[in-house]
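Visitor: Here is a sequence together with a model predicted from it:
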Amino acid sequence: MQPSSRPKAPLARTTLLKMGVRIAVIITVSTIFSYLHMLRTLRGEALQQLKQHVSERSQREQALFVLAEDNHALMKKALEERIRALQKEDVSARFDSLFVRMPDGSVRNRPESFDGTKRPGVFVARNVPLDDDLRRRILASYDIINQYGPAFLTRFKDTFFTLPEGPVISYWPGKPNYCLETAPDFMLLDWEYFQISVPEKNPSRQTAWSSVYKEDISTQWMTTITTPLDMDGRHVASLSHDVLLDELMTRTISDHLPGAYNVIFRDDGALIAHPDLKVQGSTLQLGSEQQQKHLRSIIERVKARLPNETVLELPEYGEYIAVARLKGPGWNFVTVLPGSVVSQPAILAARYVLLLGVLSLLLELVIMYWVLQQHISRPLISLTEATDRVSAGDFKVALSTSREDELGQLARSFRLMADQIQRREEELRQANEGLEQRVEERTRELKEVHSQLVKTARQAGMAEIATNVLHNVGNVLNSVYTSAQVAKERMNGMRLEHVGRVANMLQERQDDLPIFLTQDERGRHLMPFLSKLGQNLLDERHEIDILLDDVGRYTEHIGDIVKVQQNYARTPRLHEPVVLEELLEDSLRINAAGLARHQVKVVRNLAHLPPLLTDKHKLLMILVNLVSNAKYAMDDVPPAERVLDVKLEQPSPNYIRIEIHDNGMGIAPEMLTRIFQYGFTTREEGHGFGLHSSSLAAQELGGSLNVQSAGKGQGATFTLEIPYHPAPEK
C-alpha cells in the first residue's frame, strides 16, 4: 500500500509543538541539575584548593622545624663522639686555659680572651662541683658548639647545651656577654625547655618543643627545641635551639586564601597564630568569649578527625576547615573557609545558567521550526519509502545522497547496506575456508612453544644443580683455604735457620770441638738447644701433617659433593653404613676453622647409635650447610656468648633426629615459611641455595628438615629427621 501524499496533520507543525514542550521541560530540568552540578563542582574545587593550600603551606612552614631537628641529630652524634674521645685525655690544662673560677665562685670564660660573637660562652654556677667527667662534657659541648654554632646562626637565633648539673654552654652573638653577666647562682634546670628533656618527662628520649613564649631581652616570640643525649643509661646533656616565630605568625595571618584565614595551635589548644590574637602578659589569647568558643569548636573538630582526613566541615558555623600537622613541634596548621565563599560563586553561576537556558530554548524553537519546514518534511517521505523496501528485503535503494546532514548520511547508509552484507557474506565464506589452515598453524606454534618451555625447564634444572654444587663446594673450600693458610704459617714459623747457625758454629770450632762443647759457655748449651730444636721441628711437622690431612680430606669431600649433585639426574646411589656420631664430627671439622675464627663454642650431646644405611655424602652436605649457617647467624652475638648445640638422638625405633641449635639472630615468624625457598636468604652475601638444597636432599633421604625460632634475637633450631635403616652386621 502506498502512503498518502498529503498527511492530514502537517509533520512540521506537530513535531514543532511536541519538541518545543519536551525541550522546554528538558531545559528546565537541565537548568536545575546544572545548578546542582556547578554547586557541587565549585564546592569540590574550593575544597581541593583549600586542601592544596594547607598542604603547601605546611610544607613551607615546617621546613625550619625539620631543619632544626636535623641539626640536633647531627650535633647529638657529634657530641657523643666528642665526649667519648675526651674520656681518654687529661683535659685539666685545656679547661683551665679557657675557663676560670671567678671571685663570686662561678666558672666562666676567661674575660681577657673571650669574644662572644665568635666563640661559645660557658657559665657554671658557683654551687656546682666540677669533677673530671663534668669538665670533659663542658669541653666537648664547647667544641661542638664552636664547630656548628656559627653555621646555624643563619637560621636560628642561638645554639646552647645545658648539662643536668646546671652548666650552660651557648653561642648567642645577639648577647655576646651573657655568660659573663649572668648572676653567680643562676640556674636553668627548672625552665620548661630543660624540663621537657629529663627522663621523667621525656621517657622516649625524643626531641621535644617548648610552648611559645616572648623572650625578655629581644621581645620576640619564639619556641625552644631540645634534644636529650643519654650515654650509658645516663642523661649527660640537653641540646637546644631558640626558633623565632615572628615571621611565621605574621605570614600565617597575612598570607591566606581569598575569604579564608589561617590558625596555628597546639594539641592542648594553646594558640600560636590567629588573626584576632591578643597579647595578654606572656600568653596569646582571643579577645571575646564568642571567638574563644568558635576556636574551641575548631580544636575539638580537629581532634576528632580520622587519621587521613584533611578537609573537615564545621556545620554549626557553616565553615570548612583544612588541617595539616607541622612536622617537628606537631602544631596544627588550619585554614578556615566560610561556606558563603563557596556558595556565592555557585549561586551566581546558576543565574547565568538559567538565563542561558531560557535564551537557548527560544533560539532552538526558531531554528527547529525552520529546519522542519525546509529540510525534514520532504526528505522523510523518501526515507519512509526506502525503509519499507529494506524491510521487504530489497537492499538496492535509490535515495538522494547530496545532502551533508544526518538525512544525507542516512540515505548513504541505506545504499551501502546491501553491499556491506554481501561483503560480509564473502568474508565469512573465506574465513570458513581458511579456518582449518589457521588451526594447523596455531597447533604448530603451540608445539614449538612447548618445545622451548621444555628446553628452558631443563636449563633451569641444570642451573640449579650447578648453583648447589658451587654453594656446597664453597663451604668446603673455605676450610681448605684456612687449613692451607695455617699450614703455610706453621711452615714459615719453623726455625730452620737455627740449624744453619749451629752448623756454622760447629764448623768454626771443629779443631777444638770437644773443648768447645765442654768448656765454652755457648758450647755447653748447644746440645740441649739442638735437642729442643729437633723436638720443635718434629712437633711442627706433625701439626703440618695434620693440616695437610685435613686438606686432603676436604678435597676428597669436594669430589663427593660433585658426585652427589651429578647423581641428582640419575637413580640414587646405593646407601652405605654410616656412623652418625662420626659424620657429625666430620661436619664440625669441615667448619672447624670458621668456628674457631668466629669464636663459637660447640656443645655436643651425641648419643652412641649403631651404624645405619643412608647416603653418607648427602647427609654430610646437609650437616655442613646447617653448621655453616648457624655460625653466620651468631655474628651479632658477643664472641663470649656464641654457643652451638649439636644433638643426636633416636626418639623412635623408626627414625633418627639431629638438632643444630644456635643462640644467634633468630628468625621472624613470617620468614619461617620462606626459609627453605630457592634463592631466599637473610644475609647480604648469601645466595639462598644452601637451605633449599639441604631440604631437597633431606626429602631424597626419606626424611625432613624443619626450623623453629621464637623470633628475632631468640636463636633458631634446625631439626633433621631421617629414617633409621640399621646396617647389616659384618
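Guide: Cool, the structure landed.
Visitor: In terms of pLDDT, where does L530 sit?
Guide: L530 is assigned 72 on the pLDDT scale.
Visitor: any idea whether it is helix, strand or coil?
Guide: helix (DSSP: H, G, I helix; E, B strand; the rest coil).
Visitor: burial measure for the closest residue to it other than its chain neighbours, as a count.
Guide: Spatial nearest neighbour of L530, chain neighbours left out: V502 (6.3 Å); criterion: Cβ to Cβ, 6 or more residues apart in numbering. Glycine gets a C-beta too; all of them are placed from N, C-alpha and C. Residues near V502, counting by other Cβ atoms under 10 Å, number 14.
Visitor: Dump stretch 541-557 to PDB, keeping only the CA atoms.
Guide: Provided in PDB are the C-alpha atoms of stretch 541-557 (Å, rounded to 0.1, in the frame of the first residue of the first chain):
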ATOM      1  CA  ARG A 541     106.000 -31.400  61.100                       C
ATOM      2  CA  HIS A 542     103.300 -33.300  63.000                       C
ATOM      3  CA  GLU A 543     101.000 -30.300  63.000                       C
ATOM      4  CA  ILE A 544     101.600 -29.600  59.300                       C
ATOM      5  CA  ASP A 545     100.900 -33.300  58.500                       C
ATOM      6  CA  ILE A 546      97.500 -33.000  60.400                       C
ATOM      7  CA  LEU A 547      96.600 -29.800  58.400                       C
ATOM      8  CA  LEU A 548      97.600 -31.400  55.100                       C
ATOM      9  CA  ASP A 549      95.500 -34.500  56.000                       C
ATOM     10  CA  ASP A 550      92.600 -32.100  56.600                       C
ATOM     11  CA  VAL A 551      93.200 -30.500  53.200                       C
ATOM     12  CA  GLY A 552      93.200 -33.900  51.600                       C
ATOM     13  CA  ARG A 553      90.000 -34.900  53.400                       C
ATOM     14  CA  TYR A 554      88.300 -31.600  52.400                       C
ATOM     15  CA  THR A 555      89.400 -32.100  48.800                       C
ATOM     16  CA  GLU A 556      88.000 -35.600  48.800                       C
ATOM     17  CA  HIS A 557      84.700 -34.200  50.100                       C
END
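Visitor: Run through who's touching that stretch.
Guide: Here stretch 541-557 makes contact (Cβ atoms under 8 Å, 6 or more residues apart in numbering) with 476-477, 479-480, 483-484, 486-487, 490-491, 589-590, 617, 620.
Visitor: If any of those are buried, put those into a PyMOL selection.
Guide: In PyMOL syntax, the buried subset of these is picked out as below (16 or more other Cβ atoms under 10 Å):
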select buried, resi 476+479+480+483+486+487+490+590+617+620
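Visitor: Is I656 located within a strand, as I assumed?
Guide: Yes - according to three-state DSSP, I656 belongs to a strand.
Visitor: number of nearby residues for it?
Guide: If you count neighbours by other Cβ under 10 Å, I656 ends up with 22.
Visitor: Surely it touches L648?
Guide: Yes - using Cβ atoms under 8 Å as the test, I656 is close enough to L648 to be in contact (7.4 Å).
Visitor: Common neighbours of those two, please.
Guide: The contact sets of I656 and L648 overlap at L580, L609 (Cβ under 8 Å, 6+ apart).
Visitor: ok so, going back, show me the two of the contacts of stretch 541-557 that sit farthest apart.
Guide: Largest separation among these by Cβ to Cβ: M491 and H617, giving 31.2 Å.
Visitor: Now do the same contact list for L623.
Guide: L583, L584, S587, I658, I660, L720.
Visitor: still on that earlier bit, can I assume the residue nearest to L530 sits in a helix?
Guide: Yes - assigned with three-state DSSP, V502 falls within a helix.
Visitor: thinking again about what came up before, from the contacts of L623, which two are the most distant?
Guide: L583 and I660, at 13.1 Å, using Cβ to Cβ across the contacts of L623.
Visitor: Of the two, give the one with the bigger neighbour count.
Guide: Neighbours were counted for L583 and for I660 using other Cβ under 10 Å; I660 has more, 23 against 18.
Visitor: quick one: which of the contacts of L623 is nearest E316?
Guide: Using Cβ to Cβ, those come closest to E316 at I660, 68.6 Å.
Visitor: any idea how far the residue nearest to L530 is from E508?
Guide: 11 Å (Cβ to Cβ, to the nearest Å).
Visitor: Then F156?
Guide: In terms of Cβ to Cβ, F156 sits 82 Å off from E508.
Visitor: got it, and D549?
Guide: With distances taken as Cβ to Cβ, D549 is found 41 Å from E508.
Visitor: do P203 as well
Guide: 81 Å.
Visitor: now G713
Guide: Taken as Cβ to Cβ, the span from G713 to E508 is 68 Å.
Visitor: quick one: buried residues of stretch 44-59?
Guide: Those would be A46, L47, L50, K51, H53, V54, R57, S58, for stretch 44-59 by 16+ other Cβ under 10 Å.
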